[in-house]
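>>> Here you go, sequence then predicted model.
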Amino acid sequence: MAKKEKAKLIVGGRELELDVIVGSEGERAIDISRLRSETGYITLDEGFMNTGSCTSDITFINGEEGVLRYRGYSIEDLCEHSTFTEVSYLLLHNRLPNLEQRENFSRLLNEHSLLHEDMRHFYNNFPHDAHPMNILGTMVNAMSSFYPNVDLLSMRDNIDMTAARLLSKIRTIACYAYKKTMGHPIVYPQKDFKYCENFLRMMFWSPVNNYELDADRVRALSVLLVLHADHEQNCSTSTVRLVGSAHANLYASISAGISALWGPLHGGANQAVIDMLEKIHRQGGDIKKFIAKAKDKKSSFRLSGFGHRVYKNYDPRAKIIKKMCSRVLEDEAEHQPLLDIALRLEEAVLQDEYFISRKLYPNVDFYSGLVYMALGFPTNMFTVLFAIGRMPGWIAHWKEMIQNPKAKIGRPRQIYTGSRQRDYVPIQQRS
Ligand code: ACO
């Protein structure tokens, strides 16, 4: 048997031999779980640039080579051959469903697609211009009160039903939020339609607009959701795991993940990209000015849709969306100027020393907004689409953590740098 790799650490006059954990794709981690108890030291790694928070069987990324696989299947294969429903099943169950399993899963999704009628009243109390991500997070959190058995054991035992509930209802919640902002009547899900068909219909059908489903658009939406379905320990998924590690229920954990995703450095970037492209367009299409500003260290401006913590190569998801973008936008003269600016921006960035040396490539958000626009989604729904896509990943990670008998509550440490002990000063004596 091959000798197990070890790492040696010399600290505080002691030498410590630490185990090296090797993943199935050969990634290596030094196991420091004994470090503090044996030496009194902790590690400090702001932004978790080098820190693994768990082992996981769900998603593999090789950021240097631009590889992404869910449960071992390449993202390219899944986008070409699979659907969002099937990929959701794969992430949750670690296998592609057979015909019967897929039918049962679709049935569950259909049965749980309606929202409790009382939850509709919530929508009336949001201001008309409330951001749909805010509505989404609030409504998912409120599901804890509307759907029983939120204690850990019931959720763990009924994970299929809870997962179907979340996957299906989040789409209904999102469409109601959109209709609320439009002041239009809501459209109920219908059992004859598949997941993405229902989604588009609930968004765009109205009594005065008999929205016709188009197979290419349905397919484009499904691919976009597949592309967002998981991305291992990103900010929102780590949030879901951290909140869930306190044994908070799944709805509360996912609601926290939605809040994290809303941030412009994470899922909010797809909306920021379109805002940026529109601004460039309004100002005459001069991309050089924006590139110069992004490189200027005195400015906090960054090119939205470029750079990634893990990908130091072309994001494989961006590659797939870029191809789809040209196809979906082919007949959309209205959006061509933004696509042209995006293509020019990418070309210039990929030749610019600043971006080359920092390995900054287009990420998943750079082209996704253009496709969402072509499908008819307004910009404030882009991050909501990301959240719907990410739902199976969040649930799969919650499930993996909760089923791990060794899982502990997430509780990082810190190095305190504040004042040392001070004596309390009564208010009359304070300057
Ligand atoms: N434009 C200009 N410069 C950038 C950009 C950008 N988009 N991204 C990174 N840089 C520069 C930084 O200024 C820094 O330069 P320095 O070394 O001279 O200080 C260097 O590249 C490294 O950047 P960090 O912020 O340290 O990289 P980090 O891994 O922490 O951040 C992030 C990654 C947040 C994605 C960053 O690239 C960014 O802000 N991008 C724009 C926002 C965006 O597109 N977010 C979506 C990410 S994908 C997702 O969440 C789904």
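Received, thanks.
>>> which helices and strands does the helix or strand where Thr172 lies pack with?
Using DSSP states H and E, Thr172 sits within helix 159-182. Other elements packing on helix 159-182 under the criterion 3 or more Cβ pairs under 8 Å, 6 or more residues apart in numbering; DSSP states H and E are helix 84-93, helix 99-111, helix 120-124, helix 132-146, helix 195-204, helix 250-262, helix 382-402. Where C-beta positions appear, they are placed from N, C-alpha and C, glycine not excepted.
>>> Now tabulate those helices in a markdown table and tack on mean neighbour count.
Below are the helices and strands packed on helix 159-182 laid out as a markdown table (neighbours: other Cβ atoms under 10 Å):
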| stretch | mean neighbour count |
| --- | --- |
| helix 84-93 | 23 |
| helix 99-111 | 15 |
| helix 120-124 | 12 |
| helix 132-146 | 20 |
| helix 195-204 | 22 |
| helix 250-262 | 24 |
| helix 382-402 | 25 |
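>>> who wins for proximity to the ligand among the ones you listed?
Counting by Cβ to the nearest ligand atom, the ligand lies closest to helix 382-402 out of the helices and strands packed on helix 159-182; the figure is 7.3 Å.
>>> I'd like to check the angle between the closest one and helix 250-262, please.
130 degrees (axes from the mean of the first three to the mean of the last three Cα atoms, to 10 degrees).
>>> give me phi/psi at the residue of the stretch 151-300 of the chain found nearest the ligand?
Here the residue of the stretch 151-300 of the chain nearest the ligand is Ala269; by Cβ to the nearest ligand atom that distance is 3.5 Å. Main-chain torsions, Ala269, degrees, to the nearest 10: phi -70, psi -30.
>>> Against Val328, how distant is it?
With distances taken as Cβ to Cβ, to the nearest Å, Ala269 is found 20 Å from Val328.
>>> got it, and Lys399?
Taken as Cβ to Cβ, the span from Lys399 to Val328 is 33 Å.
>>> Please, where are all the strands along this structure?
6-11, 14-22, 28-30, 59-62, 67-70, 73-74 (DSSP state E).
>>> Need these in a markdown table (columns: mean neighbour count, mean pLDDT and distance to Leu224).
Shown next, in a markdown table, are those (neighbours: other Cβ atoms under 10 Å; pLDDT from 0 to 100; distance: least, Cβ to Cβ, whole Å):
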| stretch | mean neighbour count | mean pLDDT | distance to Leu224 |
| --- | --- | --- | --- |
| strand 6-11 | 12 | 96 | 41 |
| strand 14-22 | 13 | 95 | 34 |
| strand 28-30 | 15 | 97 | 32 |
| strand 59-62 | 20 | 97 | 17 |
| strand 67-70 | 21 | 97 | 14 |
| strand 73-74 | 14 | 98 | 17 |
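>>> need those in CSV with distance to the ligand, can you?
Formatted as CSV, these follow (distance: least, Cβ to the nearest ligand atom, whole Å):
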stretch, distance to the ligand
strand 6-11, 25
strand 14-22, 23
strand 28-30, 19
strand 59-62, 12
strand 67-70, 12
strand 73-74, 19
